[in-house]
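S.K.: need a structure here:
(chains A, B, C and D)
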Protein chains: 4
Amino acid sequence: MSKLRVAVLGAKGRIGSEAVRAVEAADDLELVAALGRGDTLETLAETGAQVAVELTNPDSVMANLEYCVGHGIHAVVGTTGWTDERLAQLNGWLSASPETGVLIAPNFSIGAVLTMKFAQQAARYFESVEVIELHHPNKADAPSGTAARTAQLIAAARREADCAPQPDATSTALDGARGADVDGIPVHSVRLRGLLAHQEVLLGGEGETLTIRHDSLHHSSFMPGILLGARRVVTTPGLTFGLEHFLDLN
Amino acid sequence: MSKLRVAVLGAKGRIGSEAVRAVEAADDLELVAALGRGDTLETLAETGAQVAVELTNPDSVMANLEYCVGHGIHAVVGTTGWTDERLAQLNGWLSASPETGVLIAPNFSIGAVLTMKFAQQAARYFESVEVIELHHPNKADAPSGTAARTAQLIAAARREADCAPQPDATSTALDGARGADVDGIPVHSVRLRGLLAHQEVLLGGEGETLTIRHDSLHHSSFMPGILLGARRVVTTPGLTFGLEHFLDLN
Amino acid sequence: MSKLRVAVLGAKGRIGSEAVRAVEAADDLELVAALGRGDTLETLAETGAQVAVELTNPDSVMANLEYCVGHGIHAVVGTTGWTDERLAQLNGWLSASPETGVLIAPNFSIGAVLTMKFAQQAARYFESVEVIELHHPNKADAPSGTAARTAQLIAAARREADCAPQPDATSTALDGARGADVDGIPVHSVRLRGLLAHQEVLLGGEGETLTIRHDSLHHSSFMPGILLGARRVVTTPGLTFGLEHFLDLN
Amino acid sequence: MSKLRVAVLGAKGRIGSEAVRAVEAADDLELVAALGRGDTLETLAETGAQVAVELTNPDSVMANLEYCVGHGIHAVVGTTGWTDERLAQLNGWLSASPETGVLIAPNFSIGAVLTMKFAQQAARYFESVEVIELHHPNKADAPSGTAARTAQLIAAARREADCAPQPDATSTALDGARGADVDGIPVHSVRLRGLLAHQEVLLGGEGETLTIRHDSLHHSSFMPGILLGARRVVTTPGLTFGLEHFLDLN
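M.R.: Numbering: from 1, shown residues only, chains lettered A, B, ... in the order given. Below you'll find the predicted structure:
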């Protein structure tokens, strides 16, 4: 079986250099190019890259994707900063190259993606849902973006299923005790030396609770998701937003 | 909106009497009969029961279901002891009454069902999977039936996805340290005073772990699943085996 | 060996009736009296009670203890509502009966008492400490009294050891995300159907975390502490406040 | 206040180089020497080192300690391989230098030491105790040395308190399900990609459980313990074995 020819854009960055190693270590993938700032995109065509892993920055990503889609090179994109306008532009390029696939993923951690997916699926079946996220104390925002997003997905699933409001008889509380309110879902942020990035979704019903916990100990946790994206994007034309669409959850 | 007319068979038992209360407490359900040992099944037809919740025992269940299916009464069945032969017999009755639905569920706890489902879905995406189940010390078997079943589902999902064997460099071990081997999945059984019934599925990949934990604190945890079964079985003709088929997991 | 003769006051209450059963079930204890509202205290002297387990209410407790101490009957007290004035009065009676012991305990759960003790001991050795308490959704106050008390003990231990303030770089936060502030210790309150009473103390230092978690599943959890109190109070003259003083923590 | 003058022996090793950085970063400590293989011990006397942090290997440690104790330099020792014979020899040197202190610690992680200490203290107060340790899958032994040691300490504490055997009604079990038996304490070993080193001690009594969990995410977790050892060994003449003796646990 011939190997899938993969290029990494942004190959000198923290995640990019890890992606280079991960592609090299995979039996079914061949690293054909590892481009950093100043390298020419022509290398992609010259090396016959089939998939580009795009890990640069919002300033570079559009030009890179225009080149890739224009040359029929599929792309797996971790770069952030997507707006409706940018997505429309990308969709325009893709409609002119209907066999090419692009995966944009805000989060390549399979554990994080599954946590959100499972939370969303389970949310309607329990009376109560809360989110606790725990991070190192150097983090600037609380709650984390992932926790806020998780709470929003949970809230949307509950609205769609016409769930009753969560039971909560609290009548006397210290400020902040019951957490932040994100679309009606309480979210609690712990900041503790020794932690990295962790999240728990707690669901409770009559006589039972279900807890889904994700512990992220290293950014190498993004690699399995990036490789999975590269393998599947080649047979998934058009734009896919979110790694969850590439997971088989039957 | 008219209420769904529900009967409970085995209404004097521990779970049955709880089911009687749960049906009575539900706004959209009406309890029309609560039958115990010696009561006549004719009551079901006389009271116009639309769904029977069958919580008796292997000696009674077949006669009860023959009556129900024969009278077009849907059934939600928690009684155990199902064999291929019994299922064939039930399917025969159902083919003669094609609009009637029967749900048989080995476990009505939504949390337990979701734990198994999520474990099965996630299993292929992680290098390592282990199961820890924790119960009160009066339990006779180890591992629990639920944990063994969970491990089998995980193993099947991994085989189907051609997962590599789990990494494990253990070369010196005390007997039992690495747990029981259920189809290649390590299962650990904790027995502790103060516990009831708990299960954790631990999944680990590069740089991250995902944990799915179910805590069952009371057998009232079966009620939401029984009610959900009653509501959905009326529009699901034929035999359904397993509550998971009645959950919308999109 | 002769058994210790124990009386229960408030024997008809929820905890009192459980205490009656627990004393009866203990090999080394003999239940000599189980008094409810209206029963005469003279029974204690007549039955030769050595220890009285006092589980009544703030209106009755002082008269009961005056009688016990006056008759040289030791007491284990779960009734609340202690003020400096009441304690002074009790100490007065005890000084007139110097061989008699009284244990007053705000919490008889050994797990809860050890959680507070361990949290207090560990607090000075970690940069970060937070408390998460989780209860059923019918609870009126947040945080729980136990969690607030735990946080105060942690804060006092850290002050005494001249600990630096906890690291926390949070600059953008939703209201409540970082929990309630109890003497500088963040406390988070989760309210979830299916839960009873649970508490986690999280301590974090460079490269490691220590978590102490207490799960209370039933008020029978008070019984081992009450029995332990009864056995030890007979050799501990004077007033002891807090079950932790009866635990050997070497 | 003058700073404490600290030397590191084995300064080129993985832990040693981390110790060098930790000493340099501490306000109250001054790094006066960082010796690797081939460097002369005379440097210690010349630089006026008050404490030596000994992180070499069993071949070097005795000569290093003979020099230190002989010169009145206190020592904090992480090197392993201690036998009764070696300890006797060290005690001999110390009796000739009665003001010098040596701390030998098999584990400098304060979290690990407290976990063992708390487990030992709590063990007698619960009917059931089990240990779960969880490590990366490259670990060769199961259970871990720390878990085995923890179980032994728990077992000893229970013997000393004349605890009854743990309740366990298991009559049908798969091999290994109930874990390894270490002095009567069940120990379960999980091996999972994505984990580092983690341990849970579960204690259960009537209606409640207490869980003590230690998560070690990086070997930097040894540094606070090493620094604490250096600060306290200077006022603790003689041999101290185990960091727990330097922790104030009141």
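
S.K.: quick one: secondary structure of the most centrally placed residue in chain A?
M.R.: Central residue of chain A (CA atoms, centre = their mean): A:N107, 1.6 Å from the mean position. For A:N107, the assignment made with DSSP: H, G, I helix; E, B strand; the rest coil gives coil.

S.K.: what residues does chain A put near chain D?
M.R.: A:194-196, A:215, A:217, A:221 (CB under 8 Å from any CB of the partner chain). In short, each C-beta sits where N, CA and C put it, glycine included.

S.K.: if we go to 10 Å?
M.R.: Contact residues, chain A versus chain D (CB under 10 Å from any CB of the partner chain): A:111, A:194-196, A:198, A:215-218, A:220-221.

S.K.: Which one (most neighbours) among those?
M.R.: Ranked by the number of neighbours (other CB atoms under 10 Å in any protein chain shown), these place A:G111 first, at 29 neighbours.

S.K.: Quick check: that one touching B:G205?
M.R.: Yes - the pair A:G111 / B:G205 is scored as a contact, 6.9 Å apart, by CB atoms under 10 Å.

S.K.: Pull up the overlap in contacts between those two.
M.R.: A:221, A:224-225, B:122, B:125-126, D:194 (CB atoms under 10 Å, 6 or more residues apart in numbering or on different chains).

S.K.: Straight-line length of stretch A:231-240, end to end?
M.R.: Using CA to CA, to the nearest Å, the end-to-end distance of stretch A:231-240 comes to 14 Å.

S.K.: So what touches that stretch?
M.R.: In this structure, residues lying in contact with stretch A:231-240 by CB under 10 Å, 6+ apart are A:4, A:6, A:26, A:28-29, A:50-53, A:69, A:73-77, A:87, A:90-91, A:93-95, A:97-105, A:229, A:243, A:245-248.

S.K.: Among the residues you listed, name the ones in strands.
M.R.: A:4, A:6, A:29, A:51-53, A:74-77, A:101-104 (DSSP state E).

S.K.: would TSV of those residues with neighbour count be doable?
M.R.: What follows is these, written out as TSV (neighbours: other CB atoms under 10 Å in any protein chain shown):
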residue	neighbour count
A:L4	19
A:V6	30
A:L29	19
A:V51	27
A:A52	29
A:V53	30
A:H74	25
A:A75	27
A:V76	31
A:V77	26
A:G101	22
A:V102	26
A:L103	28
A:I104	23
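
S.K.: Could you provide those residues in JSON lines, with additional columns for pLDDT?
M.R.: Formatted as JSON lines, the ones in strands among the contacts of stretch A:231-240 follow (pLDDT from 0 to 100):
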{"residue": "A:L4", "pLDDT": "98"}
{"residue": "A:V6", "pLDDT": "98"}
{"residue": "A:L29", "pLDDT": "98"}
{"residue": "A:V51", "pLDDT": "98"}
{"residue": "A:A52", "pLDDT": "98"}
{"residue": "A:V53", "pLDDT": "98"}
{"residue": "A:H74", "pLDDT": "98"}
{"residue": "A:A75", "pLDDT": "98"}
{"residue": "A:V76", "pLDDT": "98"}
{"residue": "A:V77", "pLDDT": "97"}
{"residue": "A:G101", "pLDDT": "98"}
{"residue": "A:V102", "pLDDT": "98"}
{"residue": "A:L103", "pLDDT": "98"}
{"residue": "A:I104", "pLDDT": "97"}
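
S.K.: Closest one to B:V182 out of these, please.
M.R.: A:L29 (33.2 Å; CB to CB).

S.K.: what's near enough to touch the residue nearest to A:D28 when sequence neighbours are not counted?
M.R.: Leaving out its chain neighbours, the residue that sits closest to A:D28 by CB to CB, 6 or more residues apart in numbering or on different chains is A:K3, at 5.8 Å. Applying CB under 10 Å, 6+ apart, one finds that A:K3 lies in contact with A:23, A:26-32, A:50.

S.K.: Out of these, grab the one that's most surrounded.
M.R.: Neighbour-wise, the contacts of A:K3 (other CB under 10 Å) top out at A:V23, 26 neighbours.

S.K.: got any ranges where chain A has weak pLDDT?
M.R.: Along chain A, the model assigns pLDDT under 70 to residues A:1, A:250.

S.K.: which residues in it form helices?
M.R.: Applying DSSP state H to chain A gives helices spanning A:14-25, A:42-46, A:61-70, A:84-95, A:110-122, A:145-160, A:223-233.

S.K.: what separates A:I212 from chain D, distance-wise?
M.R.: Note on A:I212: its distance to chain D, by CB to the nearest CB, to the nearest Å, is 16 Å.

S.K.: repeat for A:G207
M.R.: Going from A:G207 to chain D by CB to the nearest CB gives 16 Å.

S.K.: same check, this time on A:L9
M.R.: Distance of A:L9 to chain D, given as CB to the nearest CB: 27 Å.

S.K.: ok, now A:E54?
M.R.: Counting by CB to the nearest CB - A:E54 and chain D are separated by 26 Å.

S.K.: Now for the closest residue to A:R14 other than its chain neighbours: which residues touch it?
M.R.: Using CB to CB, 6+ apart and skipping residues adjacent in sequence, the residue nearest A:R14 is A:H219, 6.9 Å away. A:H219 sits next to A:14-15, A:18, A:108-109, A:196-197, B:207-208 when contact means CB under 10 Å, 6+ apart.
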